[in-house]
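J.: next comes the sequence, and after it the predicted model I'd like to discuss.
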Amino acid sequence: MRKLRRAGLATTALLLAACSSAPGPAAPQPVTVAIAGDVHFAGSSAAALEPGGLDAVAPLLREADLTVVNVETAITDGGEPAGKQYTFRAPAAGLGALRDAGVDVAAMANNHSLDYGRTGLEDTLQAGRDEGLPVIGLGQDVDAAFAPHRTTVRGTTIAVFDATQVIDGSLATAWTATADRPGLASVQTASGRQRLAAAVQAERERSDSVVVVLHWGRELQDCPTQDQEDLAAELVAAGADAVVGSHAHLQLGQGYLRSGDRTGFVDYGLGNFVFYAKKAVTVETGVLELTLPAAGGVPRARWRPATIESGVPVPLEGSAADEAVRHKESLRACTDLAAAP
């Protein structure tokens, strides 16, 4: 009897030891977020709609845990063009092509996503649902337009916001989302900037990493404007780990910005990505890859350079890639950014 009791006690001890040494919940792991610049499907960039049209760059897009691009076109076959010089639209297959190439989120707050009016907006939102590619930066009202895309990867929660500082003057009021009007998340006005900063600050309390994607800057100017620098500082101080944008049709500098008691990573210009660009500076492109730990911040940022050939991006290799990275780094000279945190 005593042997049985001792055996039972020994078994219990072994079970307790096994339980005490069993691994607990896995700690959140760093994730990678890739962001690329302006995408439309007009002219030569319609090649991206063909099967395999984005195969060259797809490996870079798929490597990241979360990939975001700026889609600078209405996704519609209907609607009436806005009264402006350039209007872009593309079929829903465009979002499907991006999804298949590894894109996870379409950032659509920009000066072309409403080129085909309310019909284009409705069709764009529906296409996002149909193609399984989340769309951010526009919506049925201001709350929807400013809502972030939120996801959790290996225990780390990431939130991505999208907004535009660029809308044609004559269209700014009609295109800006309000409480009772669909449209874009606009930060052209002080109230819009305050709304975005407040949303970022609130999100800081619920997400491990906060990224803001912006449409901003001045076309073909490779130094940031004062408005860009001011907005970047406001968003970093509010809690953004990274503030990344495009619009200028060429690359701008990137680096680290100290604002308030926080440091964030800023890239003032990613350049074109899927675009009918032909001029030297406008075909320089790439994919920005950020490492985001659960503790916040951006300890590592990597520029993966590419060039646009016949409308679609093709990654660079060897000495050409090295030179492109050096060029990107040189653009920091006219910014308020540092090379390291």
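T.: Structure's in. What do you need?
J.: can you report phi and psi for the closest residue to residue 227 other than its chain neighbours?
T.: Spatial nearest neighbour of residue 227, chain neighbours left out: residue 165 (6.5 Å); criterion: C-beta to C-beta, 6 or more residues apart in numbering. Heads up, the C-betas are built off the backbone N, CA and C, glycines and all. Torsion angles at residue 165 (phi, psi; degrees, to the nearest 10) stand at phi -100, psi 0.
J.: all the strands of the stretch 101-250 of the chain, residue numbers only.
T.: 105-107, 135-136, 138-139, 149-153, 156-164, 183-184, 209-215, 242-246 (DSSP state E, counting those that start in this stretch).
J.: mind putting these in TSV, mean neighbour count included?
T.: Shown next, in TSV, are the strands of the stretch 101-250 of the chain (neighbours: other C-beta atoms under 10 Å):
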stretch	mean neighbour count
strand 105-107	30
strand 135-136	24
strand 138-139	25
strand 149-153	17
strand 156-164	25
strand 183-184	28
strand 209-215	29
strand 242-246	28
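J.: got any ranges where the stretch 101-250 of the chain has weak pLDDT?
T.: Counting by pLDDT under 70, not a single residue of the stretch 101-250 of the chain qualifies.
J.: now the helices for it?
T.: Taking DSSP state H, counting those that start in this stretch as the test, the helices found in the stretch 101-250 of the chain are 117-131, 142-146, 172-175, 190-204, 226-238.
J.: now the third one: buried residues?
T.: Counting neighbours by 16 or more other C-beta atoms under 10 Å, one finds that the buried residues in helix 172-175 are 172, 175.
J.: ok, stretch 81-97 next?
T.: Neighbour count says stretch 81-97 has 82, 87-97 buried, by 16+ other C-beta under 10 Å.
J.: just checking, residue 82 touches residue 114?
T.: Yes. The pair residue 82 / residue 114 is scored as a contact, 7.1 Å apart, by C-beta atoms under 8 Å.
J.: what do these two both touch?
T.: residue 171 (C-beta atoms under 8 Å, 6 or more residues apart in numbering).
J.: picking that back up, the residue nearest to residue 227 and residue 323, how far apart?
T.: 31 Å (C-beta to C-beta, to the nearest Å).
J.: in CSV: the helices of the stretch 101-250 of the chain, plus distance to residue 263.
T.: CSV is the format used below for the helices of the stretch 101-250 of the chain (distance: least, C-beta to C-beta, whole Å):
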stretch, distance to residue 263
helix 117-131, 33
helix 142-146, 24
helix 172-175, 33
helix 190-204, 14
helix 226-238, 7
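J.: so which of those gets nearest residue 339?
T.: Ranking the helices of the stretch 101-250 of the chain by proximity to residue 339 (C-beta to C-beta) places helix 226-238 first, at 16.2 Å.
J.: and that closest one, what's buried?
T.: 228-229, 231-238.
J.: with the buried residues of stretch 81-97 in mind, which one is nearest to residue 180?
T.: Nearest to residue 180, judged by C-beta to C-beta, of these is residue 82 at 20.9 Å.
J.: if anything else comes up later, I'll come back, but that's it for now.
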